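Participant: The following block contains a protein sequence and its predicted model.
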2 protein chains.
Amino acid sequence: MTELSNPPRLDRFVPVDHAKVSFAGGFWQSWTETVRNITVPSQHRRLDEEGFLEVLNFKAPPAPLVRPIQPSGLSMQHFFDSDFGKWIEAASYTLKTHPNPELEEKIDAIVAQLAEGQMADGYLHSWFIRREPEKRWSNLRDLHEMYSMGHLLEGAVAYFEATGKRRFLDVMIRLVDHIDATFGREPGKLRGYDAHEEIEIALVKLYRVTGEVRFLKLADYFVTERGQQPSYYDEEARRRGDDPATYVFKTYAYSQAHMPVREQTEVVGHAVRAMYLFSAMSDLAVETGDLSLFDATKRLFANLTGRQLYVTGGLGPAHQNEGFTRAYDLPNLTAYAETCAAVGLAFWGHRMAQIALDSRYTDAVELVLFNGALSGIARDGEHYFYENVLESHGEHRRWKWHYCPCCPTNIARLLASLGSYFYTTRPGELAVHLYGENRAEISVGDVPVTLSQETRYPWDGDIALAVSPAAPASFKLHLRIPGWCNGAEVSVNGEVVTAQPVNGYLTIERLWQAGDVVRLHFAMPIERLHANPLVVEDAGRVALKRGPVVYCLEEVDNGLAPQRLALPADAELSARFAPDLLGGAVLIEGLGLASDAEGWGDTLYATQAPRQVPRKFTAIPYHLWANRDAGAMQVWLREVPRR
Amino acid sequence: MTELSNPPRLDRFVPVDHAKVSFAGGFWQSWTETVRNITVPSQHRRLDEEGFLEVLNFKAPPAPLVRPIQPSGLSMQHFFDSDFGKWIEAASYTLKTHPNPELEEKIDAIVAQLAEGQMADGYLHSWFIRREPEKRWSNLRDLHEMYSMGHLLEGAVAYFEATGKRRFLDVMIRLVDHIDATFGREPGKLRGYDAHEEIEIALVKLYRVTGEVRFLKLADYFVTERGQQPSYYDEEARRRGDDPATYVFKTYAYSQAHMPVREQTEVVGHAVRAMYLFSAMSDLAVETGDLSLFDATKRLFANLTGRQLYVTGGLGPAHQNEGFTRAYDLPNLTAYAETCAAVGLAFWGHRMAQIALDSRYTDAVELVLFNGALSGIARDGEHYFYENVLESHGEHRRWKWHYCPCCPTNIARLLASLGSYFYTTRPGELAVHLYGENRAEISVGDVPVTLSQETRYPWDGDIALAVSPAAPASFKLHLRIPGWCNGAEVSVNGEVVTAQPVNGYLTIERLWQAGDVVRLHFAMPIERLHANPLVVEDAGRVALKRGPVVYCLEEVDNGLAPQRLALPADAELSARFAPDLLGGAVLIEGLGLASDAEGWGDTLYATQAPRQVPRKFTAIPYHLWANRDAGAMQVWLREVPRR
C-alpha cells in the first residue's frame, strides 16, 4: 500500500479552469451555447418527465419500477442518482460562467431532497434507501452503488466550485465518511470496490477541493485493491448465497477487476469503466507520485490507440459487454462505441497530458471532441446517440431520451467544461493543447496572461495566438503540434520558429509581452486513411480526414446509399466551406464511381459486374451525421486501388 | 370460401417416394447415411438428455421449466412437441428404407405416452395439458399450439407410411377432429388460425394419406382465414384482457397475417413461417385447383428470389424477427438465414414444381440443398448451425444442441427424405429435377421404369442417365436444365438432342426401352457472381460459384482472415478435386492479393495504403465451412476491378 500521509506530488500541468476560457466565436461557440441554453434545461425536463427525479421523493413509498430488472440483477433505476449527479455537474459548469437563479433553484431542490433522504450514518443512495435497505453494500459487482455516489460527488464538487454553496458538498462528505468507514483493509471493514469505477475520480476531485488526504487515500485504496486475489466479488457472491460461477458477464475483466491494475497491459471489458479507471489511475499518479500507475496507464493507452480505437476515436466495439473484445476487432455497422466511452477517453487523455506533455494524449482528446464524442449529440442539442456506428444502412435515428440515459449528461458535462481542456500551466510554463477560437485568462505562475486564438479551426489550420501577459514575462509556451499534421509552421511576431517539437509539443521560451502574436499554420490537406490490415473490416477501404475531422458520406447528400460508391485511389478531392450546412462546415467533394442498378430489375445475382458510373459525391464531418433525413452512412469507403 | 366437397385437382406432378430412390454412391451417399446412422440416433439422445421427452411424462407433475419464458410470453418448452414430432418424421423416413426395430421402439414409446396423455375430447399438447390446461386455445398468436400439433401430425403420417402402424395416426386424427370442431366459420367455433403456420401442411398430408376431404377443408379454412379483418389476434388478445397494441412483434406481418394471403405480394415476417405458409398454399392450389393461391405464391416466389434471397439460398436476414426486413437487405456478417428457413424453401420450391415445371422453383431447391440448408449440419452429422452467416470473423462455432433446436430435426427430415425431391411423374410424363448419383424405381403411369444417374455431380456436370422401362414405353422425359448453366448438351444414345428447354426443362418424348442412356453435360466453369447494386453489403464484391455450389474462403485453408484478401477481376481460378477434404470436394484455387501487415506494428491508421502481395488462396464449398479449426470465413470477396 502506498503511504500517503505526505503524498509526494508530480509536478503536474494544471488545467486552466473552464470558466476562464470563453468561446465568443469560432467552432465551439454554438456548441457550448447550445449545451448551456438547450441541452442542460431540456435534460432537467427529461429527468422529470421520465421519473428520474421521483426517486428523490424519500418520504413517499417508491413508485412502481419504470425499468425492468436485467439478467445481471440490475435495473437502470438502480443508478438514476448518477444521471442527476451528472446533470448537476454539467449544469454547474454553465452556472459558473452564466449565473442562472432558476437553474440553481432546481439544483437546490434536488440537494434538499438528498439531504433529507440521507441516512443517519451518512449513507445515501435513493434505490437502496427506498427499496432495498437490507441489500446495501451487498453487491458491488452488479449494482453500481458507488458509481451513483461518485457521480453525485462530482456534481457536488462542481456545484460548490460554481456557487460556493457547501450544502451538497457537506452531504456528500458525510457519505464519503461513511464509505471510508465501511471499506478498506483495516479489520472490520469490507475489502471491496465498486465494479463500475467512478467514485475514484470523484474522490480525487474531493481531495483537491478540500485538501483532505483521507479522500485521496480512499481513492488509492479502491484503485489498488481492484483485481487483488482472492476476488472480493467471489466472496461477496458467496455471502449472498450466489455461486460466483453464475456471473452473467463470466469474467471480472468486464470490470477491469481480473488482475491488479498495475499489471494490466490490455484494455479490456466495459469501455466506460475502463476509461474511468484509467482516468482515476492518472489522477492518482499525479497526486501520489506513484509512477507505477502512470506506467500502467501508458501501456494501456498504447494498447488502446494502437489496437482498439476506431478512426473516429470511438471505442468498445461490442454490444454484449459494452466494451472491448480483441485487438483489431472494429466492426463498423455494429460498432457500439458508446458516447460515454469516447467522453471518458477525453477525460483520460486530458489527465495523461497533465503528467506528460505528449501529443498522443491530447491528439486523442481532440479526436473524440471533433468526432466520436461529439457525434453523440445532435446539432439541436437535445437528441443523442448512445452507440456511434461508423456505418448505417439507414436504420439509425438519434433519440430524445434513452432506456439507459448515461450519455446525454456525459457529453453535456464534457462540453460544458470544454474550456478546461485547452490550456494547462505550471510555474513558468503554459501548454496549449487544443485549437479553436477562444479567449482565456490564465495565470502562469503569478503572471496573468490573456491568451486568444483567432482561427477558423478546425475548418482551416491557421491560428493567430495572441499572448498578452499583464507585464512582460518569461515563460515556456508549449504548443501542441497535432499528430495528424505533416506540415506545421510556427512564427512569433513574423519570425519563423525553427525549433522542433518534442513528443509533439513545440516549446518557445522567451520574454513575452503584450501584443506578441504566435502564428501557427497546420497544413490541412484531405487525407485518405487506411487501416492496419489486421482490421479486417476496413480492408480495401479508405476514410477521409481533414485536420482533426473525420468525414462520412450520408445518403441525404448523395442521393444513394454511400455503400454503392467507390473512391478511386487517384480521385481528386476538394474541400469547401458550406455556411448553410448545420451551422457551417467544410465539406469534401469528389468524383466517385457508383454501381449502376439500371437494367438489373429483379436480378439479384449475375456474372456480369455492375456498370460503374462516375458520380459526384459529398462527404460531411462525421460528427454532423444523422441531423437531417435518415439514410445510409459510411465512414470507411470502398477504394478502387491503382493497378 | 372455396367449395371443396368435390375438389377439382390440378394435374400435379407427383413426387416419387424417397424410398424408391437410393444413393449407393455419389455426393449424397455419405450425407444420407450419416443422417440415418448418426443424426437420427444422436438427436433422440439429445431430446432425452435435454429433457424434451420428459414433457410426455403426463402422469407426473411437470418438472421445473428448463427454458425461461420469453418477452412474447412463450417458452421454447411450449413447443417441445414439435421437436420430437419432427424427429419422428425424420426417423420414419429412414425406417422406410432401413428397418430398425430399436428405433421403432423408441417411437412407439413416445406414441404410447402421447396416446395416454390425450384428453377425452381429443386435445393433445403436452404443455397445455400438463401446465396450463385453462389456457388452451387462448393465444394462437404467441404460443405455437397448432404448430406443435402440426409437427406431431406430420410425424404420424410419416410413421404410418413407413410402418403401416396406425396408432399414432389415429391419435392425431382424434386431435384433428377436435381442432375441426373448435375452429372454423360456423357459429360457435373460434375463427382462429395459428400464428406459426405448420398445421396446414400437415393437414394436406393427412388428407392425402386418408382421402378425407374434411382435412383438406380445414387446411383451406386456416389458409384462407389468415389475415382477414378484423384480426382474430386482436379479438383473442382482448378476450385475454390484453391490449393488442402491446404485441411484442408489433405487426401481424410477422406471421404473414397482416392481410389475406391471396393479396400478399411481398415476403414478410418470420422466414420459417412464411415458407411453411407458402408450401401449404402450393399444396392447396394443387388439391383444390384454386389458381388464385398459385398466383399468389408465384408472385411471392419472384419477390423472394428477386429481392430477398442470399446467394447461398439463405433467407430472412434479421435476428429480431427471425425473418425478412426489406428488399435487398442482405447483410453477411449478421445474416440470420436460419437453417429451417432454407429447408422450408426446399419444401416450397418442390411443391411449386409439382404445379408448374419451371426450373426457377427447382433451382431454388438445388441451391439450398447444396448451400444454405446443407450448411446447417456439420459433416459429422451431429453439430449444427441455426444461423447461416455468409461471413465470420472467427467467432462462429457449430453447436451440439441449441436453446431452440428446431433446425437439427428439420435438416434431418429434409435429408432423410431427399430422394423424393429428385423425380416427379404424372401419366405419360417423368420429370428429373435434381442431379446426383442415384438409382430409382419409378412408375410412369403403369409402366415401371428404372432410372439411374451415374455422375460425380455436383463436382462435375456429366451425367449418364439410364432410362430402363420394364417394357418399351412412350413417355415424356423432362430434364431440368439448371438456371446457372449456360452450356448444356444432351444426347440420347449418342444422338444430340436439339430441342430447346421450356421454362428450364428440356423435354424428350420417345419410345424408351431398356438400355437407353441420356447423357447430359452441364458446363461448369467457375463463375464470379456480382450482386445487384442495391444489395449494398455486396458492392465491390464477388462470390465464387461452380455449378450449384457456392464457395467461401476459410481462414484454416488460407493462413489469414479471408477479409484481408482481394480477388483481382482477371485472376485465374482453377478447380481441383481434393479427395481428403471432408469426404472429398472440389476446391477453387487462385492468386489473390493480400494486405500485408508487415511494418504496421502498433499503427492503426496511416495515409499509406497497405502493400498488396500476391497470395495463393483456396476456396471450399460453403456447406463445408466450420468443420475444422475455427476462424474467419467469407463468401463475398473483395474484388479488385479492372480499371
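Facilitator: Thanks, I have the structure now.
Participant: contacting residues around A:I377?
Facilitator: Each residue near A:I377 by C-beta atoms under 8 Å, 6 or more residues apart in numbering or on different chains is listed here: A:35, A:39, A:339, A:383-385, A:408, A:411-412, A:415. All C-beta atoms are positioned from the backbone trio N, CA, C, and that covers glycine.
Participant: Mind telling me the two of these farthest from one another?
Facilitator: A:V35 and A:F385 (15.7 Å; C-beta to C-beta).
Participant: ok, so of the contacts of A:I377, who is nearest B:V447?
Facilitator: A:F385 (69.9 Å).
Participant: what's the neighbour count on the closest one?
Facilitator: Counted with other C-beta atoms under 10 Å in any protein chain shown, residues neighbouring A:F385 total 23.
Participant: so A:S279 makes contact with A:F347?
Facilitator: Yes - if you go by C-beta atoms under 8 Å, A:S279 and A:F347 touch, sitting 4.5 Å apart.
Participant: Next, show the common contact partners of these two.
Facilitator: When contacts are counted by C-beta under 8 Å, 6+ apart, A:S279 and A:F347 have A:I201 as shared neighbours.
Participant: Where does the residue nearest to A:V35 when sequence neighbours are not counted sit: helix, strand or coil?
Facilitator: Sequence neighbours aside, A:L415 is the residue nearest to A:V35 in space, at 4.5 Å (criterion: C-beta to C-beta, 6 or more residues apart in numbering or on different chains). Under the three-state scheme (DSSP: H, G, I helix; E, B strand; the rest coil), A:L415 adopts helix.
Participant: residues touching A:L415, list them.
Facilitator: Shown in contact with A:L415 (C-beta under 8 Å, 6+ apart): A:31-32, A:35, A:39, A:377.
Participant: and of those residues, the nearest to chain B?
Facilitator: Ranked by distance to chain B (C-beta to the nearest C-beta), the contacts of A:L415 are led by A:I377 at 24.4 Å.
Participant: Report how many residues lie close to the closest residue to A:V492 other than its chain neighbours.
Facilitator: Nearest non-adjacent residue to A:V492, counting by C-beta to C-beta, 6+ apart: A:V518, 5.3 Å away. Applying other C-beta under 10 Å, we find 22 other residues in the vicinity of A:V518.
Participant: And A:V518, its phi and psi?
Facilitator: The phi/psi pair for A:V518 (degrees, to the nearest 10) reads phi -100, psi 130.
Participant: and it, what does it touch?
Facilitator: Residues in contact with A:V518, defined by C-beta under 8 Å, 6+ apart, are A:464-467, A:477, A:479, A:490-492, A:508.
Participant: Quick check: strands, which of the contacts of A:L415 are part of them?
Facilitator: Within the contacts of A:L415, no residue falls in strands by DSSP state E.
Participant: so what's A:G313 up against?
Facilitator: By C-beta under 8 Å, 6+ apart, the contact list for A:G313 reads A:342, A:345, A:364, A:367-368, A:371-373.
Participant: rewinding a little: from A:F27, how far off is the residue nearest to A:V492?
Facilitator: 19 Å (C-beta to C-beta, to the nearest Å).
Participant: So which of the contacts of A:V518 are in strands?
Facilitator: Among those, the members found in strands (DSSP E) are A:464-467, A:477, A:479, A:490-492, A:508.
Participant: Of the residues you listed, which is the nearest to B:Y310?
Facilitator: Distances from B:Y310 to the ones in strands among the contacts of A:V518, taken by C-beta to C-beta, are shortest for A:L479, at 54.5 Å.
Participant: thinking again about what came up before, put the buried members of the ones in strands among the contacts of A:V518 into a ChimeraX selection.
Facilitator: Buried members of those, defined by 16 or more other C-beta atoms under 10 Å in any protein chain shown, are picked up in ChimeraX with:
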select /A:465,467,477,479,490,492,508
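Participant: A:E198: which of the ones in strands among the contacts of A:V518 is nearest?
Facilitator: A:L479 (33.4 Å).
Participant: which residue packs closest to that closest one, ignoring adjacent ones?
Facilitator: A:L479 sits nearest to A:L506 (C-beta to C-beta, 6+ apart), 4.7 Å away.
Participant: likewise A:A431?
Facilitator: In space, A:A431 is closest to A:H478, 4.0 Å off (C-beta to C-beta, 6+ apart).
Participant: residues from the stretch 151-300 of chain A in reach of chain B?
Facilitator: Taking C-beta under 8 Å from any C-beta of the partner chain, no part of the stretch 151-300 of chain A reaches chain B.
Participant: In contact with the residue nearest to A:G184 when sequence neighbours are not counted, which residues?
Facilitator: Spatial nearest neighbour of A:G184, chain neighbours left out: A:Y221 (5.6 Å); criterion: C-beta to C-beta, 6+ apart. By C-beta under 8 Å, 6+ apart, A:Y221 lies in contact with A:1, A:183-185, A:193.
Participant: Per-residue confidence at A:Y221, what does it come out as?
Facilitator: We have a pLDDT of 98 for A:Y221.
Participant: Tell me if it really is in a strand.
Facilitator: No - counting by three-state DSSP, A:Y221 falls outside a strand, being helix.
Participant: burial measure for A:L47, as a count.
Facilitator: When neighbours are counted by other C-beta under 10 Å, A:L47 comes out with 23.
Participant: Check A:N388 too.
Facilitator: Look at A:N388: counted by other C-beta under 10 Å, it has 30 neighbours.
Participant: Need the per-residue pLDDT for it.
Facilitator: pLDDT recorded at A:N388 is 98.
Participant: what about it, distance to A:A296?
Facilitator: From A:N388 to A:A296 the distance is 27 Å (C-beta to C-beta).
Participant: go on, A:N438?
Facilitator: Computed as C-beta to C-beta, the A:N438 to A:A296 distance reads 34 Å.
Participant: for chain B, what are the nearby residues on the stretch 401-550 of chain A?
Facilitator: Neighbours of chain B within the stretch 401-550 of chain A, by C-beta under 8 Å from any C-beta: A:527-537, A:539-540, A:542-543.
Participant: check contacts around the residue sitting nearest the centre point of chain A.
Facilitator: Geometric centre of chain A, nearest residue: A:V343, 1.1 Å, by C-alpha atoms, centre = their mean. Applying C-beta under 8 Å, 6+ apart to A:V343 gives the contacts A:275, A:368, A:373, A:376, A:407, A:410-411, A:414.
Participant: and the helix or strand hosting A:S42, how far from the chain's centre?
Facilitator: Taking DSSP states H and E as the definition, A:S42 sits inside helix A:40-49. Taking C-alpha atoms, centre = their mean, to the nearest Å, one finds the center of helix A:40-49 at 21 Å from the center of the full chain.
Participant: residues of it that come out buried?
Facilitator: Applying 16+ other C-beta under 10 Å to helix A:40-49 flags A:40-44, A:46-47 as buried.
Participant: which one of these sits closest to A:V502?
Facilitator: Using C-beta to C-beta, A:V40 comes nearest to A:V502 of these, at 39.7 Å.
Participant: quick one: A:V635 and A:D177, what's the gap?
Facilitator: Applying C-beta to C-beta, the value for A:V635 to A:D177 is 48 Å.
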